[in-house]
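> Just need the structure, nothing else, for what follows:
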Amino acid sequence: MQGKKDYQEKLFAQFQLSERIPKENFYRRLKEVLDLDFLYELTRSYYGSSGQKSIDPVVFFKLCLVGYLENIISDRRLIQHCSMRLDILYFLGYDIDEELPWHSTISRTRQLYPESVFEQVFTRVLCMCVDKGMVSGHTQAMDSAPVKANASMDSLELKVPKADLGAHLEKIRHISSMDKKKAR
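Predicted coordinates for the structure are as follows:
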C-alpha cells in the first residue's frame, strides 16, 4: 500500500540541538577545539561603556569563519545560510528558535575592527587547529583550470638579447634540473 506523508507543523515539546548534530560533524568538532574567549580582551577597547549591547565578538568572528569556510562573501547570504543549518547554529551557540544578528550588524562590526585584529584572530585560530590536529602542513592543494591562450606570437617581446639567448636558456635549464634533484 502506498503511503503518503502529511506535514503538520508542531511546536517542539523537547528538542536539543546538540543531539541532532553528529559527533563527527566538522562544525561540532570545531566548536570543541576553538576557545575564542581571548576575543573579549582583544576587542574590549573598540567598545564604549554605555548604550546597547553589541554582537558578541565570538559570534562575529565565528560568523566570519563560517563565511570563509562556506565561501560566502555576502553578509545577507551568510545570515540566511547560517539560519538554515543546524550544525552552524550549534557552532555559533544559537538555539533553533533564536534570531541571528542582522546582516547590517555584521557589516558594521567588520568596519569597527582594524586589520591587525583580524590577523591576530586568524593566527590564533590557525594555531589552535594545528595543535588539535585539524590542520597539518604536509599536503598542498591547488585549484586551477587550463585556459587557452589568446595571444599572438608576433606580439611577444623577447626580454633577453638574441645574442645571449642560448646562454640564458642553458642557465634556466641548469636551475630547473637542480630543482628537480632537490625535489627527489
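> what's near enough to touch Phe38?
Arg124 (Cβ atoms under 8 Å, 6 or more residues apart in numbering). For glycine as for every other residue, the C-beta is placed from the backbone atoms N, C-alpha and C.
> any idea of the pLDDT on Ser49?
For Ser49, the pLDDT comes out at 86.
> tally of neighbours for it?
4 (other Cβ atoms under 10 Å).
> try Ser177
The number of residues near Ser177, taken as other Cβ under 10 Å, comes to 10.
> Show me the residue sitting in the middle of this structure in space.
For the chain, the residue sitting closest to the mean C-alpha position, by Cα atoms, centre = their mean, is Tyr68 at 2.5 Å.
> Quick check: pLDDT value at that residue.
pLDDT, Tyr68: 92.
> Ser152 now?
Reading off the model, Ser152 has pLDDT 64.
> Quick check: which element contains the residue nearest to the centre of the chain?
Using DSSP states H and E, Tyr68 sits within helix 57-69.
> Which elements pack onto that helix?
helix 38-43, helix 75-84, helix 86-92, helix 103-112, helix 115-131 (3 or more Cβ pairs under 8 Å, 6 or more residues apart in numbering; DSSP states H and E).
> Quick check: which of those is nearest to Phe26?
Closest to Phe26 of those is helix 86-92 (Cβ to Cβ; 7.6 Å).
> can you tell me which helix in the chain is longest?
helix 165-183 (DSSP state H).
> tell me the mean pLDDT for that helix?
The average pLDDT within helix 165-183 is 75.
> Then stretch 55-63?
On average, stretch 55-63 scores 95.
> looking at it, Ser54 is touching Tyr46, isn't it?
No: between Ser54 and Tyr46 there is no contact under Cβ atoms under 8 Å: 9.1 Å.
> And those two? Which one has more around it.
Legend: neighbour count by other Cβ under 10 Å for Ser54 and Tyr46, higher for Ser54 (17 against 13).
> for the more buried one, what are its contacts?
47, 109.
> That one and Ile72, how far apart?
Applying Cβ to Cβ, to the nearest Å, the value for Ser54 to Ile72 is 22 Å.
> coming back round to it: the longest helix of the chain - contacts with which helices or strands?
Using 3+ Cβ pairs under 8 Å, 6+ apart: helix 165-183 touches no other helix or strand.
> Check the offset of it from the chain's centre.
Remark: helix 165-183 is offset 38 Å from the chain centroid, using Cα atoms, centre = their mean, to the nearest Å.
> buried stuff in that helix?
Neighbour counts over helix 165-183 (16 or more other Cβ atoms under 10 Å) mark no residue as buried.
> Dump it to PDB, restricted to CA.
Taking Å, rounded to 0.1, in the frame of the first residue of the first chain, the C-alpha atoms of helix 165-183 are listed here in PDB:
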ATOM      1  CA  LEU A 165      69.500  33.800 -25.700                       C
ATOM      2  CA  GLY A 166      71.400  30.500 -25.900                       C
ATOM      3  CA  ALA A 167      73.400  31.100 -22.700                       C
ATOM      4  CA  HIS A 168      70.200  32.300 -20.900                       C
ATOM      5  CA  LEU A 169      68.200  29.200 -21.800                       C
ATOM      6  CA  GLU A 170      71.100  26.900 -20.700                       C
ATOM      7  CA  LYS A 171      71.200  28.700 -17.300                       C
ATOM      8  CA  ILE A 172      67.500  28.200 -16.900                       C
ATOM      9  CA  ARG A 173      67.700  24.500 -17.800                       C
ATOM     10  CA  HIS A 174      70.500  24.100 -15.200                       C
ATOM     11  CA  ILE A 175      68.500  25.800 -12.500                       C
ATOM     12  CA  SER A 176      65.400  23.700 -13.400                       C
ATOM     13  CA  SER A 177      67.400  20.400 -13.200                       C
ATOM     14  CA  MET A 178      68.800  21.400  -9.800                       C
ATOM     15  CA  ASP A 179      65.300  22.000  -8.600                       C
ATOM     16  CA  LYS A 180      64.200  18.600  -9.800                       C
ATOM     17  CA  LYS A 181      67.100  16.900  -8.000                       C
ATOM     18  CA  LYS A 182      66.200  18.600  -4.700                       C
ATOM     19  CA  ALA A 183      62.600  17.500  -5.000                       C
END
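> Cool, thanks, signing off.
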